[in-house]
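Colleague: Next come a sequence and a model predicted from it.
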Amino acid sequence: MLKNDSASFFFKFIFAVILLIGSFFLAMVFGAADTSVKDVWLALTTNAAGKTIDMIREIRLPREVGAIFVGASLSVAGAIMQGLTRNPLADPGLLGLTAGANAALALTIALFPNANYFSMTIACFIGAAAGAFLVFGIGAVKKGRISPFQIVLAGAAVSAFLFAVAEGISLYFNIYKNVSMWTAGGLVGATWKQLKILIPIALVGITISLFFSRQLTIVSLNEEVAVGLGQKTAQIKMVLFIIIILLTGASVALVGNMAFIGLMVPHIVRSVVGADYRYILPMSAIFGACFLLIADTLARTINAPYETPVAAIVSFLGLPFFLFIVQKRGKAIT
Amino acid sequence: MIIHPAIVKKQRLIILVLILLIAATAIIGMGLGTSSVSMNRLLPTILGHGTFKEEFVLFSVRLPRIIVTLLAGMALAVSGAIFQDITRNDLAEPGIIGINAGAGVAIAVFFLFFPIDVGSFVYLLPVAAFIGALLTAGAIYVFSYDRNAGLNPVRLVLIGVGFAMALSGTMIVIISSAERQKVDFIAKWLAGNVWGADWPFILAILPWIVILISFIAFRAQQLNLLSLNDPSAVGVGLKIERERITLLLAAVGLAAAAVSVTGGVAFIGLLAPHLARSLIGPRNQLYLPIAILLGGWLLLLADTIGRNIALPDGIPAGIMTALIGAPYFIYILLKKSS
């Protein structure tokens, strides 16, 4: 590693953290209810009570903390997927993980109406894993090399199937409202209780992924080289795969469907820090958190006092990005 | 062009079987449902000897629904067949490449923001859907057109998938700013609930379907050429770009007309042409009629099963077709060599 390289990364990282703190305050101050910077400051640093201050502490703070961890988790999951599959279009939403978690949610609500948040999260893990296994299973079954394009198509088909399953179950058992509250809820109504489950999973997942970032860089370049360098690729892949499932599952349990964020953020980050996953992963976490904070602030303010689902804003921004990648990497993808 | 008589005979036979299947499904479908007309009362009711309730159920509820599903299925099948021929990609399908979603966004905008006039609403709906679908198709076409290499079929499908995702996102934005009641309608529409099951809806989409399908029937030969490759199409004197765009317009129109009454039904445009081609081969004159009937039958079957599987509301046809169509899509994806 060049010394210069890590020094410049250090400055970029500091800058990103400042950006994150800035977006956090922005997200805390703006919203449907008028709040001032002073209120936010009092709510965060003192025990002062008051209507606005309580509102900030009990409603807006958990929501924005949720945005930070979901944004970071999904972005890191996307970055790992892109490296692991050497597919620039990999994203938990595009490759069937989100849809799988959705179907699992619907099934759980149908069979165990009294399931608590923790068991829902577990169900999301299982569902995300099932979706991923289906999509990558198709890749493995297919003779010859499967191109990124075909994986995206397989992902689209598997997603269509699993969403249909979810919708079918929720209509059959008359739990449509309940299920859609989970899957289309976004960050509305995030509580500290839910965050207590999400935050440890996100922290552990992201931290472990950082330990494997060096191996991920090698795998992302070329599998033969990785084996030649003495990497235990099968184990590395297994661990990273589990991390993807954990990060995605925990995020879906909180916000429901959210595509494109795992696609966009790592690409933006790559243009800033290059192709080394030791830099990409931590930067993706910070950028992803910023991104979702800003997107959520937009969601709350565009059409205030009504909410615009944040997932919609993200996918709206995601399309130009998707098109850009397809244009730029067109030859390699197909 | 001479087609071997044996194949023509085979085609006739398949068509006959399909018509019988459609008739059988329709008759069974009439007898099923929450307020059914029992089998032995069916014939008397049709002949005009039924009670008021029987006549109402049959002529105002069941029959229009059956006709609308049949027509929509046919339109989707032809639309899918054209997309596959033009892009030379077996996986192109109006649902997958975002045409349905584009029509859906337009319908949602139209439904929410334009004053609804009961008389003309039904007839303007396919127009709104067409505009939305056309804009989407245009955007996808522009993005997948390469100045040097021409239309890139693979890229077209990929970009379409991206559009489909983003447009469903847009749809949520639009819905979220609306009133509760209207939201329910659009949510059901999205799931592919055949909602336009009434005579005016049939009148509204019938001209589209009749005109466009006969237009395409006349173009079967051009379509054959386009599905081969550009040099051979040019070689026999075909103006490729113009031909491609007119056919694409027809395909978009058909898909839009269909989804304006059925909602987001995907995969019929994939299933029907594929099954038809595997039955009789890729020549358009032979497989298109079969694909049309198959499309109608499949959607009718999906709707009949979905309607009766979970009472009282049933499961939207769009969900049923996705459950069958998605695995088939993957099967084609696996079979096709990259």
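Modeller: Received it, and whenever you're ready, just let me know what you need.

Colleague: which regions of chain A sit below the pLDDT cut-off?
Modeller: Residues of chain A meeting the criterion pLDDT under 70: A:1-4, A:32-34, A:143-145, A:176, A:183-185, A:189, A:223, A:230, A:304-305, A:330-334.

Colleague: on contacts alone, who are the packing partners of the longest helix along it?
Modeller: The residue-count maximum for a helix in chain A (DSSP state H) belongs to helix A:3-29. Contact partners of helix A:3-29 among helices and strands, from 3 or more C-beta pairs under 8 Å, 6 or more residues apart in numbering or on different chains; DSSP states H and E: helix A:37-45, helix A:61-85, helix A:261-273, helix A:277-301. The way it works is simple: take the backbone N, C-alpha and C, and place the C-beta from them, glycine included.

Colleague: among those helices, which is the most enclosed?
Modeller: Of all the helices and strands packed on helix A:3-29, helix A:61-85 has the most neighbours on average by mean count of other C-beta atoms under 10 Å in any protein chain shown, namely a mean of 27.

Colleague: tell me the angle of the longest helix of chain A relative to helix A:277-301?
Modeller: 20 degrees (axes from the mean of the first three to the mean of the last three C-alpha atoms, to 10 degrees).

Colleague: Around chain B, which positions in the stretch 51-200 of chain A sit nearby?
Modeller: Contact residues (C-beta under 8 Å from any C-beta of the partner chain) of the stretch 51-200 of chain A with chain B: A:93-94, A:138, A:141-147, A:149-150, A:152-154, A:156-158, A:160-161, A:163-165, A:167-168, A:171-172, A:180, A:184.

Colleague: Using PyMOL, make a named selection holding only the buried ones among the residues you listed.
Modeller: In PyMOL, this line selects whichever of those come out buried by 16 or more other C-beta atoms under 10 Å in any protein chain shown:
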select buried, chain A and resi 93+94+138+142+146+147+149+150+152+153+154+156+157+158+160+161+163+164+165+167+168+171+172+180+184
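
Colleague: Okay, and which of the residues of the stretch 51-200 of chain A next to chain B map to helices?
Modeller: A:138, A:141, A:149-150, A:152-154, A:156-158, A:160-161, A:163-165, A:167-168, A:171-172, A:180.

Colleague: Where does the closest residue in space to A:Leu263 that isn't next to it in sequence sit: helix, strand or coil?
Modeller: Distances taken as C-beta to C-beta, 6 or more residues apart in numbering or on different chains put A:Asp91 closest to A:Leu263, at 3.8 Å, once the chain neighbours are dropped. Of the three states, A:Asp91 takes coil under DSSP: H, G, I helix; E, B strand; the rest coil.

Colleague: quick one, phi/psi of A:Asp91?
Modeller: phi -160, psi 140 (degrees, to the nearest 10).

Colleague: quick one: it and A:Gly78 touch, right?
Modeller: Yes. Using C-beta atoms under 8 Å, A:Asp91 is in contact with A:Gly78, at 5.1 Å.

Colleague: Kindly report the residues of the stretch 1-150 of chain B close to chain A.
Modeller: B:91, B:95-96, B:143.
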